[in-house]
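Chemist: Make a model of this:
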Amino acid sequence: MNNPKVNVGTNRFGKCLIANSDIAKGEVVAVFDGPIYEAEKCTDLPVDIRDHAIQFEEHKWRDSNSMARYINHSCEPNCGIKGLFTLVTIKDVKKGDELLWDYAMTEDGDWRMECLCNTASCRKIIGAFSLIPESLRPQYKEYASDWLVEKYKLNQTI
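Modeler: From the prediction side, this is the model:
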């Protein structure tokens, strides 16, 4: 499922997702609907898979046959994950804006990448949810993968 308000475009890194119309908060952008891969570590997967698939269990990743495969990372995202595989907007997105999400909203393994988002809150390294500052995790609980919400007990009240 691809949202018709989104096109695959290009930016300085290669392919990306661009809004071709205004998109309201909570709209589905795309779904990770592709093959499932199992491995002891993410770095055991082929590079093309580990750089595009999302983690949804401790040793499982899922790629996408949809445009979800081309969304880029930002430490200040405008998209997130609902459930395990559904990419949604977490705020209103204007026509012409790039759609971005924080890859740590699904990841919690050994995969790492230098972050070049250049936002004010850039963490410099893209990777595991465990690398997100604890103070930021509660803000992500509505848009982090269900498996991480469970693992980090983000739904518990203190």
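
Chemist: contacts, neighbours, all on C-alpha from now
Modeler: OK.

Chemist: Not counting sequence-adjacent ones, nearest residue to Cys122?
Modeler: Cys75 (5.3 Å; C-alpha to C-alpha, 6 or more residues apart in numbering).

Chemist: That neighbour: neighbouring residues, count only.
Modeler: 23 (other C-alpha atoms under 10 Å).

Chemist: Check which element follows the least confident helix or strand in the chain by mean pLDDT along the chain.
Modeler: Least confident element among the helices and strands of the chain, by mean pLDDT, DSSP states H and E: helix 137-140 (a mean of 87). Downstream of helix 137-140, the next assigned helix or strand under DSSP states H and E is helix 146-151.

Chemist: who touches that following helix?
Modeler: Helix 146-151 has contacts (C-alpha atoms under 8 Å, 6 or more residues apart in numbering) with Phe56, Glu57, Lys82, Gly83, Leu84, Met105, Thr106, Asp108, Phe129, Lys141, Asn155.

Chemist: Same question for stretch 46-64.
Modeler: The contact list for stretch 46-64 (C-alpha under 8 Å, 6+ apart) reads 31-43, 69-70, 84-85, 106-109, 111, 145, 147.

Chemist: Quick check, central residue of this structure?
Modeler: When the chain is reduced to its mean C-alpha position, the nearest residue by C-alpha atoms, centre = their mean turns out to be Tyr103, at 3.9 Å.
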